[in-house]
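Participant: below are the sequence and a predicted model for it; my questions follow.
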Amino acid sequence: MTTGRLTTIPFFKEPGIELSVYETRCHWRRFDENEVLVDYDDVSTDVYFLASGEVRILNRSQSGKEVILGEMRGGAFFGELAALDGIGRSANVTALTRGEVCVVPAPVFRQIIFASEAIADRLFRLLAKRVRELNTRLMEHALLDLRHRLYAELLRLSVPRAGGDGERVVTPPPYHHVLAARIGCRREQVTREFTVMAADGLIDRTRGALVIRRPDLLEARVAEALREDS
C-alpha cells in the first residue's frame, strides 16, 4: 500500500492528528461494476471510503421490494453506522461503475474519531445532514401523492443548468424504473407522469440530460401540496 493515502481522503483532511500510524491497518481495493460491496444483514463493520467510482444504496422491505436511498461518488463514504453500533448492515451497496475504496476497520475508524475533534465534528454534521434528508423523504412519502413525490425527487436530483435562465438539469437522464424505486411506485406510473409533464412544457429530454424547464413551478406545487396535507 502507498504510504500516506489516508490523507487523500476528504473526510480525513486536516485531522489534527498523525494518520500514518493507521495506514497499515487499512487497505485499499478496486471493485467492478455491479459488484456488491455491502449487503443486507452483513455482520461486517468496516467503513468504506470511495476514492473513485459510483455506488447505489438500496433498502429492502420484508416483502422484498427495494427502495433506492441514493447514490455516492468519490469522496463519500458508507458503512459508518455498523462501525458505530455494531449492528448488521441495514442496506445494500452495489457498484454502478468500476472504482476503488479504502476499507477502514471499525476499531480504527472509532479511534480516529475519538482522537480528532475536527473529524468528530465532521461526522456529527454529516450524520445530522443525513437524518434531516431522511426526515424530508419520510414526510414526502407520508403526505405527497405520486406526482408530487416525483416533482420533489427530480428537484433533488437536479442542478442549475448553465445559461438556462432558472432551468435545472438531471445528468444523465434518470431511467424510469430507477425513479420508481426512489419514490416507491411502478415504472409505468413514472412514464405516465413524464408524458404529462412533457406535454405541459415542464420537462424536456435533450442529449444526455433531462431539462426541468420550470423548477420554480414544481417547487411551488410541492410546497402547496405539503401545506394542504399539514
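Facilitator: Good, I have the coordinates.
Participant: what about the helices in this structure?
Facilitator: Per DSSP state H, the chain carries helices over the ranges 80-85, 106-115, 117-143, 146-157, 176-183, 187-199, 215-229.
Participant: where does the chain dip in pLDDT?
Facilitator: Applying pLDDT under 70 to the chain picks out residues 1-3, 229-230.
Participant: can you do 90?
Facilitator: 1-4, 13-17, 40-43, 59-67, 88, 90, 162-165, 206-207, 227-230 (pLDDT under 90).
Participant: my read: residue 164 touches residue 209, true?
Facilitator: No: look at residue 164 against residue 209 with C-beta atoms under 8 Å: they stay out of range, at 10.3 Å. C-beta coordinates here come from the backbone N, C-alpha and C atoms, glycine included.
Participant: the more surrounded of the two?
Facilitator: Using other C-beta atoms under 10 Å, the more surrounded residue of residue 164 and residue 209 is residue 209, with 17 against 13.
Participant: any idea how far residue 11 is from that one?
Facilitator: Distance of residue 209 to residue 11, computed by C-beta to C-beta, to the nearest Å: 30 Å.
Participant: same deal with residue 85?
Facilitator: Following C-beta to C-beta, the distance that separates residue 85 from residue 11 is 19 Å.
Participant: looking at those two, which is more packed in?
Facilitator: residue 11 (19 against 10).
Participant: which residues touch the more buried one?
Facilitator: 49, 77, 119, 122-123 (C-beta atoms under 8 Å, 6 or more residues apart in numbering).
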